[in-house]
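**Q** Build me a model:
(chains A and B)
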Amino acid sequence: MSAPLPDPSVPAPPAAGGNWWKPWRRDFWAVDVVLGVIGLAISLVATVLVFYLSSGLDAAIRSKADEAQALNAALNDNARSLFDVSTTFAMQRSMESYADAFAETSDRRRLNDSAMALAARAFVAYLAATAPEAINGFETDAARLLAAYGQGQEDAPLKLRALTSALMDGPSTVANAAKNRRRPQVAEELSGLRRERDHLRAAGGFLQVFGLILAVAGHVAGRKQRTRQHAPPEIRALPSHIFTRRFWTIDVVGIAIGTAISLSGVAVLFFVVDAHQRSIDETRHQLDGRETLIVVSEAAFREYDRMAMLEPLVRDIEARRSPASHVAPGVRSAWSPGDDITAIEIPPVDYVAVRKSFPVYWLMRMFHDNVRTRYAEDEERFHRIVQRPASAEYLAMEADILVRARERMAGLAAERGSLGEALSASERNQSRARDLGALLLLIGLVLTFAGNVAYYKRPRR
Amino acid sequence: MRWRGVTDQASPDLEDAAARLEAPEEKGPDGRGRSLRWPRPWTREFWTIDIVYAAIGVGLSIVSTVLIAYLSAGFDRHLHDQVVEMRRLDSVFRAGGRELFEMAAASAQARTIETYLENVAGDDQRRTETAAAIALSLRSFKTYLSILAPDALPSFTVQTDAWLKAFLAGDDTMPATIRASIVRYINGPVADANNARAARRNALSGEIAATRNTRDFWRSLGAFFQVFGIIFAICGQIAGRRARARQFAPPDLKRRLSTGVFTRDFWTIDVIAVVAGSIISLAGTIALYFVVVSYHHAIDETRGLINQQGMQIELTHAANHAYDDMGLLEIWVSDLNARRPDGAHVPPDVSFKPMEGEEAAPVELPPQIYVRSRRFFALFWLARMARDNDPQKFAPLIDEFYRVYEDLEGPGYADYTQRVRSEAAAKLNEIERAQATLAGELNALEVRQTLARDTGGLLQLLGLLLAFAGYLAYYKRPRL
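**A** Numbering: from 1, shown residues only, chains lettered A, B, ... in the order given. The predicted structure is shown next:
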């Protein structure tokens, strides 16, 4: 209902809008101004806050993603370094066996000394990947052992190997276990942060739009209030509360529908985007897992082959030993502080076979997708049989593991491809859902505005 | 003419006059008032200036939203594919580099075992065990081929299987022939594929930057039109009000209602707000496009540097490991060579063309020199890395490398090796320290880019809010 046509013969009332620019006056704060200010403030504050929070969360997500990537790379490096260092020590032991069998004392010591120094360097690289804090101690101990060997202490090579085993079982295992524990935590934290950011963005997006809708609502409320204020008494007496037809003018209907559409946009942004995010996180997790399985297994196959080359060589060297060949003294050592003293030296052939069992052990875990509950039984069998690496039972188990591991590798490569495609599809769908949500938010706002415009274009008498 | 009272209309008297019962257009043919109805969109009267502007503005806003969402999704997909391709090229480069050192070490190991067997074993055992060792070392080369030149793998496999059979049947030239064939594959299909990948990699980094720029341009432009569409609709509302005011104004007032842009009357609070809002939104668009894109350049550069340095670190660790591994073999094979007994097997000379079209030359090197030459693969990388893997910088070192490579027993070898290794160790230290700094820099750049993006978005929204606030303020203006 528009205002009545003024009668020019009646003197004008005092100007009611004269204090519009004085916010400290009571009459400035009409309902349209109050709602308009609240609405615009909500919109602005939501924008600033969401941008601010969103920036903070983005930075946190980036740093968490970097940590997750670093952890993945570290675990892959750890495994690769383990196989590398196993090959190096298997080679060093083969060479030592050769020198024992064929070389006179001075040549033997010269050859072993150089080989030990190089093997120790390889072990430092392994420690750098797994437990860098142990490097200084190892370098000091290794230098001491090498010096002692130069002075004729024949058990130094064995002690060096025992030292590497102690460090593998000690700081490296502890650090690896810590990384393994941290890895799922980081993935969980990362997806939590992503969800929190998306939720805040969705809520902020709604408040940005809703603030404007509230301002339009204030405009409508102000108009209604003024109309009632200036309406003749008989019109003023008509009911206009929410359950009456008069209340639902086109602009109010526009606001209600606009708000509902904006809310549905928020629901899309909140629930659908979140559901896609969960699916993306899960796919990414599976993809990372498969990537690790593939990368580590490729290294395991390669180092297995190199140690498989050494095995017949060292067997032949041992077979050709003469009675004059050097016999290394037996050494007993604790694996780690508090352990029983154990005889650590095993024959060179067995030593190489045991080093070669490291990649075999991994391949056994790999074809069970590295899931403990699935490989537990095979692991138990492996540990039982690996004590006799030359036995037919071990050889049969090794052959079986290699065949199954190769089959699984082919499957993993195919799965990696399809998971990559699934991830791309999920990311595309999420992007579409995000666009749809934003579009609904905008349509809600546009509809509200269109309702307001339509009110002024309504048919009138 | 006096303006009285406060109503929700821009020009209350005129608005009400427009709605008066006696308006001629409201009368039917019989002279009586028509029943109330909404104007039909297919009639001329529906398309007043406010409706036209609002339809254009809202249409602009919605179409730009849909189009930008669509284009943006398309660009995102394209960008995603390009980034995936870049990552794949990077990972091929890294995996290929690692596998080169592994393959070199495996070949050196096989040659050491072959030398041992030549010294101590009879023909049958020598051939069987040498063939087994070569077969295992070939698996490493096949992995290398499968990464870098998978097309060449089937022919290599068929050929080497046949040569190994010939060796087992008594052809002692086969191990050397296989080794020569490996060199030929490295210089042929692998080098060709590497060159193609390097060219693609260079092109791809430019393509990625271009796609990102285009996407960001469309996004900022689209965001501006999303906002500007609504501002335009508000303009329509203002223009409609003014048109109605002029239409229904009495003749004396109509003359006074000047509408020229350069008149004071034109610049009412809502018009000022619309203009200021559009300018602020445009400033937001400029921030979104130019500032964000300039940050992108810096981010791309830093990310490229981090990636390159990460690759250098990874390959250098692998090279150092392989160098030490082969160092162990070098000591061993030298001793084996020194202890060669009189009855030891001496492999026959083999001539081979290193590349198609080149002259055939004897390919077999003494075992300790062969191992040293494989070890040089790792050193070659260390020489490149020591000079930032930049062809301009590492060219002199590589020239020297090839000179020294011609005489691996000469005095220049030890000197060159020592210099390169110490330079590489210093560079590795420097790169590892720089990595930590660069990660911080990248993070700071990304934070600044996000802030610029937020500021741009905020400015666009502020523009819209201002236009809307101006529109509301007009109705709250002081009136007489």
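
**Q** Please count neighbours and contacts with C-alpha atoms only from this point.
**A** OK.

**Q** Could you pull out the strands in the chain for me?
**A** Just going to use chain A. Along chain A, counting by DSSP state E, strands occupy A:332-334, A:341-343.

**Q** Chain B is the one I meant
**A** Under DSSP E, chain B gives strands at B:351-352, B:361-362.

**Q** And the ones you listed, which one averages the lowest pLDDT?
**A** Averaged per stretch, pLDDT over those is lowest on strand B:361-362, reaching a mean of 66.

**Q** Quick one: mean pLDDT over stretch A:381-389.
**A** On average, stretch A:381-389 scores 89.

**Q** Go through it and flag the buried ones.
**A** Judged by neighbour count using 16 or more other C-alpha atoms under 10 Å in any protein chain shown, the buried positions of stretch A:381-389 are A:382, A:385-386, A:389.

**Q** likewise stretch B:208-227?
**A** Result for stretch B:208-227 [16+ other C-alpha under 10 Å]: buried residues B:208-209, B:211-227.

**Q** filter those residues down to the ones near chain A?
**A** With C-alpha under 8 Å from any C-alpha of the partner chain as the criterion, the buried residues of stretch B:208-227 include none near chain A.

**Q** hang on, residue A:158 packs against residue A:345?
**A** Yes - proximity of residue A:158 to residue A:345 meets the contact threshold set by C-alpha atoms under 8 Å, at 6.7 Å.

**Q** max-length helix in the chain?
**A** No chain was given, so I picked chain A. helix A:31-102 (DSSP state H).

**Q** To clarify, I was referring to chain B.
**A** The single longest helix within chain B, with elements called by DSSP H, is helix B:49-120.

**Q** Which secondary structure elements does that one sit against?
**A** On a contact count with 3 or more C-alpha pairs under 8 Å, 6 or more residues apart in numbering or on different chains; DSSP states H and E, helix B:49-120 meets helix A:273-319, helix A:392-456, helix B:123-148, helix B:191-248, helix B:292-338, helix B:367-386.

**Q** Average pLDDT for the third one, rounded please.
**A** It stands for helix B:123-148. pLDDT averaged over helix B:123-148 gives 95.

**Q** hmm, it touching chain A?
**A** Yes - interface with chain A: helix B:123-148 contributes B:129, B:132-133, B:136-137, B:139-140 (C-alpha under 8 Å from any C-alpha).

**Q** Now the two most distant members of the buried residues of stretch A:381-389.
**A** A:382 and A:389 (10.2 Å; C-alpha to C-alpha).

**Q** How about the contacts made by the closest residue to residue A:130 other than its chain neighbours?
**A** Leaving out its chain neighbours, the residue that sits closest to residue A:130 by C-alpha to C-alpha, 6 or more residues apart in numbering or on different chains is residue A:172, at 5.2 Å. For residue A:172, the contact set (C-alpha atoms under 8 Å, 6 or more residues apart in numbering or on different chains) comprises A:127, A:130-131.

**Q** buried stuff in stretch A:89-106?
**A** So, applying 16+ other C-alpha under 10 Å, buried residues of stretch A:89-106: A:89-103.

**Q** actually stretch B:277-292, not the one I wrote
**A** B:277-278, B:280-292.

**Q** What residues does the stretch 51-200 of chain A have near chain B?
**A** So far as C-alpha under 8 Å from any C-alpha goes, the stretch 51-200 of chain A lies against chain B at A:51, A:55, A:59, A:62, A:88, A:91-92, A:95, A:111, A:114-115, A:118-119, A:121-122, A:125.

**Q** In contact with the residue nearest the centre of chain A, which residues are there?
**A** Closest to where the C-alpha atoms of chain A average out (C-alpha atoms, centre = their mean) is residue A:187, at 3.9 Å. Going by C-alpha under 8 Å, 6+ apart, residue A:187 touches A:68, A:285.

**Q** now do residue B:76
**A** Per C-alpha under 8 Å, 6+ apart, neighbours of residue B:76: residue B:215.

**Q** Tell me how far the residue in the stretch 151-300 of chain A positioned nearest to chain B lies from residue A:210.
**A** With C-alpha to the nearest C-alpha, the shortest gap between the stretch 151-300 of chain A and chain B falls at residue A:223, namely 5.6 Å. Remark: distance between residue A:223 and residue A:210 (C-alpha to C-alpha, to the nearest Å) = 20 Å.

**Q** what about these two, which has more around it?
**A** Taking other C-alpha atoms under 10 Å in any protein chain shown, residue A:223 and residue A:210 do not tie; residue A:210 has more neighbours (25 against 21).

**Q** So for residue B:100, what's the pLDDT?
**A** We have a pLDDT of 94 for residue B:100.

**Q** The one 3 residues further on too?
**A** The predicted local distance difference test score for residue B:103 is 94.

**Q** And for residue B:241?
**A** Among the per-residue scores, residue B:241 shows a pLDDT of 80.

**Q** Could you do residue A:1 as well?
**A** Reported pLDDT for residue A:1: 40.

**Q** Likewise for residue A:315?
**A** pLDDT, residue A:315: 94.

**Q** So it versus residue A:97, what's the distance?
**A** Taking C-alpha to C-alpha, one finds residue A:315 at 10 Å from residue A:97.

**Q** now residue A:314
**A** Separation of residue A:314 from residue A:97 (C-alpha to C-alpha) stands at 7 Å.

**Q** Now do the shared contacts for those two.
**A** What both residue A:314 and residue A:97 touch, as defined by C-alpha under 8 Å, 6+ apart, is the set residue A:348.

**Q** Residue B:56: how many residues sit nearby?
**A** Count around residue B:56 with other C-alpha under 10 Å applied: 17.

**Q** Tell me who's in contact with it.
**A** By C-alpha under 8 Å, 6+ apart, residue B:56 lies in contact with B:229, B:232-233.

**Q** now these as CSV including neighbour count, distance to chain A and pLDDT?
**A** Output for these, formatted as CSV (neighbours: other C-alpha atoms under 10 Å in any protein chain shown; distance: C-alpha to the nearest C-alpha, whole Å; pLDDT from 0 to 100):
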residue, neighbour count, distance to chain A, pLDDT
B:229, 26, 10, 85
B:232, 25, 12, 86
B:233, 27, 9, 82
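
**Q** need the contact list for residue 200.
**A** Since you didn't name a chain, this refers to chain A. Counting by C-alpha under 8 Å, 6+ apart, residue A:200 has contacts A:50, A:53-54.

**Q** my bad, chain B
**A** With C-alpha under 8 Å, 6+ apart, residue B:200 has no contacts at all.

**Q** quick one: low-confidence parts of the chain?
**A** Picked chain A for this. A:1-22, A:330-344, A:460-461 (pLDDT under 70).

**Q** Hmm, no, I was thinking of chain B.
**A** B:1-38, B:255-259, B:353-362, B:476-480.

**Q** and the stretch 351-461 of chain A, which residues reach chain B?
**A** Contacts of the stretch 351-461 of chain A with chain B, taken as C-alpha under 8 Å from any C-alpha, map to A:428, A:431-432, A:435, A:439, A:442-443, A:446, A:450, A:453, A:458-461.

**Q** Excluding sequence neighbours, find me the nearest residue to residue A:266.
**A** residue A:202 (5.6 Å).

**Q** quick one: the one you found from residue B:280, how far?
**A** 25 Å.

**Q** can you check residue B:153 too?
**A** Residue B:153 is 61 Å from residue B:280, by C-alpha to C-alpha.

**Q** Same check on residue B:430?
**A** 46 Å.

**Q** Equivalent analysis for residue A:430, please.
**A** 31 Å.

**Q** quick one: residue A:302 and residue B:138 touch, right?
**A** No - between residue A:302 and residue B:138 there is no contact under C-alpha under 8 Å: 10.6 Å.

**Q** Give the residues shared as contacts by those two.
**A** By C-alpha under 8 Å, 6+ apart, no residue touches both residue A:302 and residue B:138.

**Q** hang on, the earlier thing: format the residues of helix B:123-148 next to chain A as a markdown table; extra columns: neighbour count.
**A** Output for these, formatted as a markdown table (neighbours: other C-alpha atoms under 10 Å in any protein chain shown):
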| residue | neighbour count |
| --- | --- |
| B:129 | 21 |
| B:132 | 17 |
| B:133 | 26 |
| B:136 | 21 |
| B:137 | 25 |
| B:139 | 18 |
| B:140 | 25 |
